[in-house]
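Trainee: Fold the following.
(chains A and B)
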Amino acid sequence: MTNGFQKIKRKFKRNALLKCSIAGASFGILVSSVLVFIQKLLAIKPNPLVYILIGLGVACAVGTVTYFLFAPKDKRLAKRLDEDLGLDEKVQTMLAFEDKEGDIVQLQRENTNQILSETPLKKVKTVTIWKHIILPILAVAMAITAILTPLKIIEQSPNGGEEWALSAWQKARLENLIETVQDSNMETQPKTQTVEELESLLTSLQTVDKVPKMKSLVIATIVGVNNIENEANTYDEIGAALKTSERQDLQRLGTAISTLNGLTLAQELEALHTKIGAADETLKSEAGAVESEIRKTLNALNVDKDDGLYLAVVAWTDGHKQIVESGAETTAEELRLKLNEIYQTANLSIIETLSQQDVNVGVFNQVVSELMMIFEISSSELPSGDRPQSGGNAGGGSGSGNDDMEDKPADGGLGSGEVVYGSDDVIYYPDEDRYVSYGEVLNEFYAKVSGQMIDGNVSEALMQYISDYFAKLYNGSEKE
Amino acid sequence: MENVEKVKAFNEVIVKVKDELRKDVVGQEDIVENVIIAIIAGGNVLLEGVPGVGKTRLVRSLGRVLNLPFSRIQFTPDLMPSDVTGTDIIEKDENGNMKKVFRRGPIFANLVLADEINRATPKTQSAMLEVMQEHKVTVANSTYKISEPFFVLATENPIEQDGTYPLPEAQMDRFMFKLLMKFPGNDELVDIVKMTQVTMEETASAVIDGETILEMRSIAATVPVIDEVLDYAIRLIANTHPELEKTSETAKKYVKYGASPRAAQALITCAKVRALMNGNYNVSYADIDALAKPVLRHRIKVNYNAVSEGLGVDEIVDMLVKETKKASK
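Mentor: Take a look at the predicted model:
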């Protein structure tokens, strides 16, 4: 290849690089901007890193492809030079015969090379600016549009959306909901906060006249209620922390807590208690092992340290520590008594606080469901993290907000298979000063009641009613 | 090295030849250039022009400049083939014995002017054209070679067509070029009159010789042609044929018969010479375009459509060139 031609070819290569860089960068910016714009219209918050990566990828791909398109091919360049410089096919001939020998061919080569060498590079036109400036302008314009477009632009439609007004029925249902929350057994602080949210919503809705505005207020209230729940309830975090333990018994305990399954929780506590106290010789060491393992899992936990469930678990752990630290003079019987005391306390406190959180979950779910029903909000309109979830059951019946429920609600009472019992709730059994499943004491209740019915002056109708009631609870009903 | 010098000198030689010819021939630059091209390319030329425009003078001057023997044959209806080629005659030698001697005809020259060839009978025309093609004369089983370079400039008078025998198309194809010698312009006429008032004699002197012409011919043959230009020339010839599947619209509409493959050969051979004459070392599209009319005008037969629309063969060739160029892009 001759020097003159090489010199010009290098200029075209530089031009091709410039063109493909402009094309690549422009396409990269354009594609990223379009995606950001679309996401903003769909009320999805864009992730800058993702779009930078997409833009870079597109830029590289487009740049590579356009380089191969624009990169100077010798034959095409030769034709271009002949046309632009009026060389009467000299360059094309030089290229076509570059490997040939002969006096004229050599002369032709030298002559053409000389012409090309003497041709100033300025005379060889390459970049046509106006053709290549349109795309970058378009890309920058799109980028500016995407950046300046606010998120959730659909909420601010030009006319404000469809007309709306708070109906009497909606007002009544909302007021009823507020009353329900106030009368519920939810913990005081979250209850107060939830009532405040609902009352604020009621006040705001009385002046709203457009559907989009109404929906945004209701959705904001739902998000607010969910935030209150997340702060009030700690079962999920505590259960998850225990599930990170290396001990399977503690993992099962964590699962029971995170799924609000009181029955399983009671069973696991009992099993652990039995295991620790299996032998006098190993009681201390077992207690110590459990204590250290629980502390390890709770160390990384980030919950309110005044939370009831947290305090109950910590107290139970501290109890085991006391056993470990007891002196050599403490007898085995004293240790066992201490262990029983710890177990009794934990059984009560942990299950009680878990039940309370389950009640909280139930009320929160009811609030969200009611709001969605009253104001016709669909799940897809809510932010993904605030959509209603299926519940667990600490007492067996009310729902909770966690997804990792591993245990199905246990069957209560007697019987099995397709037979469904009245209630799987855990109830406090005063005779034994602990929480037990309802089915466990059903037999005893039935015996007491039926005995009194036989001995006492009770009408036939009432006797029949009570008898039917207990029959249903005792024998169960076939699930349809 | 010697060849390179000769190649570089090609253009200068041509310039010298033209300059010498200008001493005797006024104007007619295109004709002079094309005639020189034809001589170097090894072809013959059919020259159409009214009487008195300088056809004979051109060939005679050419003979002087090229230092080649020149002869003129005036074709008439009674001219016999033997009047052109020569014939055997019986002669007495010094001893008084009769012997047969071949008396060469006027065809035995390097440059031959066949004036008004269309006035001779087909038989005489054939004899002439056979020599043009084969560069040899066969008389009574004896063959006599014509010395190279051999060039025939045949003329036709476009007026006074009565009693003439137009050359058949197959014979026309043997001419490399058909050139149209037009009546000189005013300025040229003034120069002609001034010059010939001084002397009617040709004053040009020899610049090159026959051997140089042959060398130039072999050098020109090596001029490179790229495939694209070659394809363009081939396509131009193909576009003159209306019967081909892929042909030009012009040919379909205006052409009865197209050019033969000899036209393609002539086009490329002459394009190479032209390139060198202009100081170029390769054939270009411009060379092909410039030679399209001289090569094709006598090889294409136009149909009645062209005649009825008043389109001459030159206009048809221009349209063909335009269409071929457009298709190439």
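Trainee: residues of stretch B:193-213 that come out buried?
Mentor: Buried residues in stretch B:193-213, counting neighbours by 16 or more other C-beta atoms under 10 Å in any protein chain shown, are found at B:202, B:204, B:207, B:208, B:210, B:212, B:213. Yep, even glycine has a C-beta here, placed from its N, CA and C like the rest.
Trainee: Need the residues that contact it.
Mentor: When contacts are defined by C-beta atoms under 8 Å, 6 or more residues apart in numbering or on different chains, stretch B:193-213 is touched by residues B:13, B:16-17, B:20-21, B:23-24, B:26, B:39-40, B:57, B:60-61, B:64-68, B:110, B:147-149.
Trainee: 6 Å - rerun?
Mentor: Residues outside stretch B:193-213 that contact it (C-beta atoms under 6 Å, 6 or more residues apart in numbering or on different chains) are B:13, B:16-17, B:20-21, B:23-24, B:60-61, B:64-65, B:67-68, B:149.
Trainee: For it, the averaged confidence score.
Mentor: The average pLDDT for stretch B:193-213 rounds to 77.
Trainee: Surely residue B:100 is in a strand?
Mentor: Yes. The assignment for residue B:100 is a strand, going by DSSP: H, G, I helix; E, B strand; the rest coil.
Trainee: From what I see, it and residue B:87 are in contact.
Mentor: No. Applying C-beta atoms under 6 Å, one finds residue B:100 not in contact with residue B:87, separated by 10.2 Å.
Trainee: mind listing what's buried in stretch A:296-303?
Mentor: A:297, A:298, A:301, A:303.
Trainee: If you could redo that for stretch A:87-97, that was the one I meant.
Mentor: A:87, A:88, A:89, A:90, A:91, A:92, A:93, A:94, A:95, A:96, A:97.
Trainee: And residue B:209, its phi and psi?
Mentor: Dihedral angles of residue B:209 (phi, psi; degrees, to the nearest 10) stand at phi -130, psi -180.
Trainee: What residues of stretch B:166-178 count as buried?
Mentor: B:167, B:171, B:172, B:173, B:174, B:175, B:176, B:177, B:178.
Trainee: quick one: which of the residues you listed sit in helices?
Mentor: B:171, B:172 (DSSP state H).
Trainee: Can you convert the buried residues of stretch B:166-178 into JSON lines and add a column each for distance to chain A?
Mentor: Converted to JSON lines, these look like this (distance: C-beta to the nearest C-beta, whole Å):
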{"residue": "B:167", "distance to chain A": "35"}
{"residue": "B:171", "distance to chain A": "34"}
{"residue": "B:172", "distance to chain A": "31"}
{"residue": "B:173", "distance to chain A": "28"}
{"residue": "B:174", "distance to chain A": "28"}
{"residue": "B:175", "distance to chain A": "27"}
{"residue": "B:176", "distance to chain A": "22"}
{"residue": "B:177", "distance to chain A": "22"}
{"residue": "B:178", "distance to chain A": "26"}
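Trainee: circling back to that earlier point, in terms of neighbours, single out the busier of residue B:100 and residue B:87.
Mentor: residue B:87 (16 against 10; other C-beta atoms under 10 Å in any protein chain shown).
Trainee: if you count residues, which helix in chain B comes out on top?
Mentor: Across chain B, the longest stretch assigned as helix under DSSP H is helix B:2-24.
Trainee: what inclination does whichever helix or strand comes after that helix have with respect to helix B:2-24?
Mentor: Later in the chain than helix B:2-24, the nearest helix or strand by DSSP states H and E is helix B:29-41. Helix B:29-41 runs at 140 degrees relative to helix B:2-24, counting by axes from the mean of the first three to the mean of the last three C-alpha atoms, to 10 degrees.
Trainee: Check which helices and strands whichever helix or strand comes after helix B:29-41 sits against.
Mentor: Scanning forward in sequence from helix B:29-41 by DSSP H and E, the next helix or strand is strand B:45-49. Packed against strand B:45-49 by the contact rule (3 or more C-beta pairs under 6 Å, 6 or more residues apart in numbering or on different chains; DSSP states H and E) you find strand B:151-156, strand B:177-181.
Trainee: Now restrict the contacts of stretch B:193-213 to buried residues only.
Mentor: B:13, B:17, B:20, B:21, B:24, B:60, B:61, B:64, B:65, B:67, B:68, B:149.
Trainee: The fifth one - nearest residue in space that isn't next to it in sequence?
Mentor: Closest residue to residue B:24 apart from its sequence neighbours, by C-beta to C-beta, 6 or more residues apart in numbering or on different chains: residue B:61 at 4.0 Å.
Trainee: Check the last one too.
Mentor: Counting by C-beta to C-beta, 6+ apart, residue B:149 lies nearest to residue B:213, which is 4.7 Å off, once chain neighbours are set aside.
Trainee: How far off centre is the helix or strand hosting the one you found?
Mentor: Per DSSP H and E, residue B:213 falls inside helix B:210-220. Remark: helix B:210-220 is offset 17 Å from the chain centroid, using C-alpha atoms, centre = their mean, to the nearest Å.
Trainee: Who are the packing partners of the helix or strand following that helix?
Mentor: Using DSSP H and E, the helix or strand that follows helix B:210-220 in sequence is helix B:227-238. Packing contacts for helix B:227-238, counted by 3+ C-beta pairs under 6 Å, 6+ apart, involve helix B:261-277, helix B:313-328.
Trainee: could you pull out the strands for the stretch 51-200 of chain B?
Mentor: Ranges of strands within the stretch 51-200 of chain B are B:70-74, B:86-92, B:98-104, B:111-115, B:136-139, B:142-145, B:151-156, B:177-181, based on DSSP state E, counting those that start in this stretch.
Trainee: and the ones you listed as CSV, adding distance to residue B:266 and mean pLDDT?
Mentor: Output for those, formatted as CSV (distance: least, C-beta to C-beta, whole Å; pLDDT from 0 to 100):
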stretch, distance to residue B:266, mean pLDDT
strand B:70-74, 24, 90
strand B:86-92, 29, 83
strand B:98-104, 29, 84
strand B:111-115, 19, 90
strand B:136-139, 21, 84
strand B:142-145, 23, 86
strand B:151-156, 14, 89
strand B:177-181, 8, 92
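Trainee: And those: which comes nearest residue A:59?
Mentor: Evaluated over the strands of the stretch 51-200 of chain B, closeness to residue A:59 peaks at strand B:177-181, with 60.5 Å, by C-beta to C-beta.
Trainee: can you list contacts of that closest one?
Mentor: By C-beta under 6 Å, 6+ apart, the list of residues contacting strand B:177-181 reads B:31, B:34, B:38, B:45, B:46, B:47, B:48, B:49, B:53, B:294, B:297, B:298.
Trainee: My guess is the second one contacts residue B:295. True?
Mentor: No. The pair residue B:34 and residue B:295 does not pass the contact test of C-beta under 6 Å, sitting 9.9 Å apart.
Trainee: Flag every buried residue along stretch A:50-64.
Mentor: By 16+ other C-beta under 10 Å, the buried positions in stretch A:50-64 come out as A:51, A:55, A:58, A:59, A:62, A:63.
Trainee: how distant is that stretch from the center of its chain?
Mentor: Distance of stretch A:50-64 from the chain centroid (C-alpha atoms, centre = their mean) equals 29 Å.
Trainee: now do stretch B:9-29
Mentor: With C-alpha atoms, centre = their mean, you get 17 Å for stretch B:9-29.
Trainee: Point to the residue nearest the middle of chain B.
Mentor: residue B:45 (1.5 Å; C-alpha atoms, centre = their mean).
Trainee: so that one touches residue B:37, yeah?
Mentor: No. In this structure residue B:45 lies outside contact range of residue B:37 using C-beta under 6 Å: 9.3 Å.
Trainee: distance of the closest residue to chain B within the stretch 301-450 of chain A from residue A:42?
Mentor: Closest approach between the stretch 301-450 of chain A and chain B, counting by C-beta to the nearest C-beta: residue A:380, at 58.0 Å. Distance, residue A:380 to residue A:42, by C-beta to C-beta, to the nearest Å: 11 Å.
Trainee: When the two are compared, which one has more neighbours?
Mentor: residue A:42 (11 against 7).
Trainee: tally of neighbours for residue 270?
Mentor: Picked chain A for this. Around residue A:270 there are 13 residues (other C-beta under 10 Å).
Trainee: could you do chain B instead?
Mentor: If you count neighbours by other C-beta under 10 Å, residue B:270 ends up with 27.
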